[in-house]
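[1] next comes the sequence, and after it the predicted model I'd like to discuss.
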Amino acid sequence: MTNWSGYTHRVRFSEVDPQSIVFNSRYLEFFDAASIEYFRAYGYPPDTMSVAGLDPVVVEVNIRYHEPARMDQLLHIDVRCSRLGIASFDLFFTTRIQDQRTGSLSKSAITSATVTYVNVDQKIRKSTPIPKEFHEFLELTE
């Protein structure tokens, strides 16, 4: 269906804390970027989503930190739809270290997360069903 293979991010100096590891809140930024690229890879860049009546809003986040990541490491983030409802869906994120020479991924995840989104009609500021076409897309990526 697509050539989606995940999102890669190089850890920058501004993303680490005084212990020289990635600061915990930065992972939300990484997941946000990964989700945008995930949707883009399947033909849903942000402008297309908006026109189609899809405006997902984050309502819950659960992150498990397994191991630390450090400055200049490559983080590879995989995304998949893990739950699909009428007006909401969950994306599951898995972060692994990517070897800079070989491109291979670490066997164990350094973080895993579930982010719950609710589709919101921005005119009335209430949840609204996910558009049929996008719902069908998410069913295929579950």
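    Received the coordinates, thanks. Residues are numbered from 1 along each chain as shown.
[2] next, work out how far apart residue 3 and residue 42 are.
    According to C-beta to C-beta, to the nearest Å, residue 3 and residue 42 sit 10 Å apart. (Glycine included, C-beta is placed from N, CA and C.)
[3] name the SS class of residue 119, please.
    Following DSSP: H, G, I helix; E, B strand; the rest coil, we place residue 119 in the strand state.
[4] that one contacts residue 132, correct?
    No - using C-beta atoms under 8 Å, residue 119 is not in contact with residue 132, being 12.0 Å away.
[5] these two: which has the busier surroundings?
    residue 119 (22 against 10; other C-beta atoms under 10 Å).
[6] quick check: the gap between the residue located most distally from the centre of the chain and residue 55.
    No residue in the chain sits farther from the centre than residue 124, which is 26.3 Å out by C-alpha atoms, centre = their mean. Per C-beta to C-beta, residue 124 is found 12 Å from residue 55.
[7] cool, residue 87 as well?
    Taking C-beta to C-beta, one finds residue 87 at 11 Å from residue 55.
[8] okay, and the common contacts of the two?
    Counting by C-beta atoms under 8 Å, 6 or more residues apart in numbering, the residues touching both residue 87 and residue 55 are residue 119.
[9] strands of the protein, start to end?
    With DSSP state E applied, the chain shows strands at 7-10, 56-65, 74-84, 88-98, 111-121, 126-127, listed in chain order.
[10] which strands and helices sit next to the first one?
    Okay, so that is strand 7-10. When contacts are defined as 3 or more C-beta pairs under 8 Å, 6 or more residues apart in numbering; DSSP states H and E, strand 7-10 sits against helix 26-41, strand 74-84.
[11] in stretch 53-71, what's buried?
    Using 16 or more other C-beta atoms under 10 Å as the test for burial, stretch 53-71 gives 53, 54, 56, 63, 65, 69.
[12] quick one: that stretch to chain centroid distance?
    Here stretch 53-71 shows a centroid-to-chain-centroid distance of 7 Å under the convention C-alpha atoms, centre = their mean, to the nearest Å.
[13] I appreciate the help and will end here.
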